[in-house]
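A.B. asks: just a sequence and a predicted model for now, questions to come.
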Amino acid sequence: MKQSEIKALVSLLEDDDNEVLNLVENKIRSLGGTVIPFLEDRWEESSLSPYTQKKIEDLIHDLQYEAFFSRLVTWKENGAEDLLEGMWAIATYQYPELSIEKLRQDLQQIYYEVWLEIRDNMHPMDQIKTLNSVIFGKLKFGANTKHFHSASNSMLNVVMESKKGNPISLCVIYLLIAQKLKLPVWGVNLPNLFILTYKSEQMQFYVNVFNRGLVFSRVDIDNYISQLNIAQNDIFYQPCSNLDIIRRVLRNLTLAFEKVGDDDKVQEIEKALKEMMK
């Protein structure tokens, strides 16, 4: 549709005829996210009634949610290969205008800071020490213990800006930088704690990013599992997939919105998680 036609369509949201309103809303929804700027422009007009403003707000939210949902589904259907893209898709739930290029640029800057310190033929432990030194020492990333359950901990753009996150968001940043450096570093799904593993043909050890990159062994995981009185499972020791990571981030988001009693957002994120579980 032409811009003039879209503007005319949006103006019909003030019509008193419910049948007309239903037709207009359905048509607007069929146009998808491209119509959002026109709805936002209309919403800013002072002459609108509170009822019409609320209707426009609901339409904008629904269209933004559909765009977020579509991004996640497309990411999964394309093989879930780019973890950053999956995290970006989740962040657009709260920040629909967020650019993935901005996230890539921010990560590139962190990568560059670490790359300057990495030397050829470094021992894996020294590689991890270098990552820790730059990410936690120089750049001051750290655990968001004060607001552990906040939804912002699942928004990678917020974590990059505040430099505070939960275990999985900090692990994602660390993981993306490590893999960009060609290091064999992967995520590991431990109960109640997301960690990383350095796994090559020669060795395997683990990294607790939430604790400033503390390195530990399989025996330490054995002890951790024993303390939780949980049966051992191979998934507690071996790399998980990008899709597993995104699922866990969505679970964290669900819990975050449950904590503040936002049932509508809980339902929306649960719908997305259900789709990721298929």
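C.D. replies: On my side now, so go ahead.
A.B. asks: first-to-last residue distance for stretch 147-166?
C.D. replies: Terminal residues of stretch 147-166 are spaced 9 Å apart (CA to CA, to the nearest Å).
A.B. asks: next, the buried residues of it.
C.D. replies: 150-160, 163-166 (16 or more other CB atoms under 10 Å). (Glycine included, C-beta is placed from N, CA and C.)
A.B. asks: which parts of the stretch 101-250 of the chain are strands?
C.D. replies: 142-143, 164-165, 185-190, 193-199, 204-208, 214-216 (DSSP state E, counting those that start in this stretch).
A.B. asks: next, format those as CSV and append distance to residue 4 and mean pLDDT.
C.D. replies: Putting those into CSV (distance: least, CB to CB, whole Å; pLDDT from 0 to 100) gives the following:
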stretch, distance to residue 4, mean pLDDT
strand 142-143, 52, 96
strand 164-165, 45, 97
strand 185-190, 49, 98
strand 193-199, 50, 98
strand 204-208, 57, 98
strand 214-216, 61, 97
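A.B. asks: any idea which of those is most buried?
C.D. replies: strand 164-165 (a mean of 24; mean count of other CB atoms under 10 Å).
A.B. asks: so how far is that strand off the chain centroid?
C.D. replies: The chain centroid and the centroid of strand 164-165 are separated by 13 Å under CA atoms, centre = their mean, to the nearest Å.
A.B. asks: who are the packing partners of that strand?
C.D. replies: strand 142-143 (3 or more CB pairs under 8 Å, 6 or more residues apart in numbering; DSSP states H and E).
A.B. asks: got a list of contacts for the strand it packs on?
C.D. replies: Residues from elsewhere that reach strand 142-143, judged by CB atoms under 8 Å, 6 or more residues apart in numbering: 136, 163, 164, 165, 166, 167, 170, 210, 211, 212.
A.B. asks: OK, contacts around the third one?
C.D. replies: Contact criterion CB under 8 Å, 6+ apart gives 141, 142, 143, 144, 147, 153 as the residues in contact with residue 164.
A.B. asks: export these to JSON lines and tack on distance to residue 276?
C.D. replies: Below are those laid out as JSON lines (distance: CB to CB, whole Å):
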{"residue": "141", "distance to residue 276": "27"}
{"residue": "142", "distance to residue 276": "29"}
{"residue": "143", "distance to residue 276": "26"}
{"residue": "144", "distance to residue 276": "24"}
{"residue": "147", "distance to residue 276": "25"}
{"residue": "153", "distance to residue 276": "19"}
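A.B. asks: farthest pair in those?
C.D. replies: 141 and 147 (15.3 Å; CB to CB).
A.B. asks: any stretches of this structure with poor pLDDT?
C.D. replies: Applying pLDDT under 70 to the chain flags the ranges 46.
A.B. asks: try 90
C.D. replies: Scanning the chain for pLDDT under 90 picks out 1-26, 30-34, 36-58, 119-120.
A.B. asks: got a list of what the residue nearest the centre of it touches?
C.D. replies: Nearest residue to the geometric centre of the chain (CA atoms, centre = their mean): residue 87, 3.3 Å. By CB under 8 Å, 6+ apart, residue 87 lies in contact with 103, 156, 172, 246, 249.
A.B. asks: so what angle separates the directions of the host helix or strand of it and strand 185-190?
C.D. replies: Using DSSP states H and E, residue 87 falls within helix 83-91. Helix 83-91 runs at 50 degrees relative to strand 185-190, counting by axes from the mean of the first three to the mean of the last three CA atoms, to 10 degrees.
A.B. asks: buried set for helix 83-91?
C.D. replies: When burial is assessed from 16+ other CB under 10 Å, helix 83-91 yields the following buried residues: 83, 84, 85, 86, 87, 88, 89, 90, 91.
A.B. asks: output the contacting helices and strands for the longest helix along the chain.
C.D. replies: Longest helix in the chain, counting residues (DSSP state H): helix 50-77. If you count contacts as 3+ CB pairs under 8 Å, 6+ apart, helix 50-77 packs onto helix 18-31, helix 36-43, helix 83-91, helix 242-259, helix 263-277.
A.B. asks: what is the neighbour count of residue 258?
C.D. replies: Neighbour count for residue 258, taken as other CB atoms under 10 Å: 15.
A.B. asks: so what's it closest to, chain neighbours aside?
C.D. replies: residue 266 (5.6 Å; CB to CB, 6 or more residues apart in numbering).
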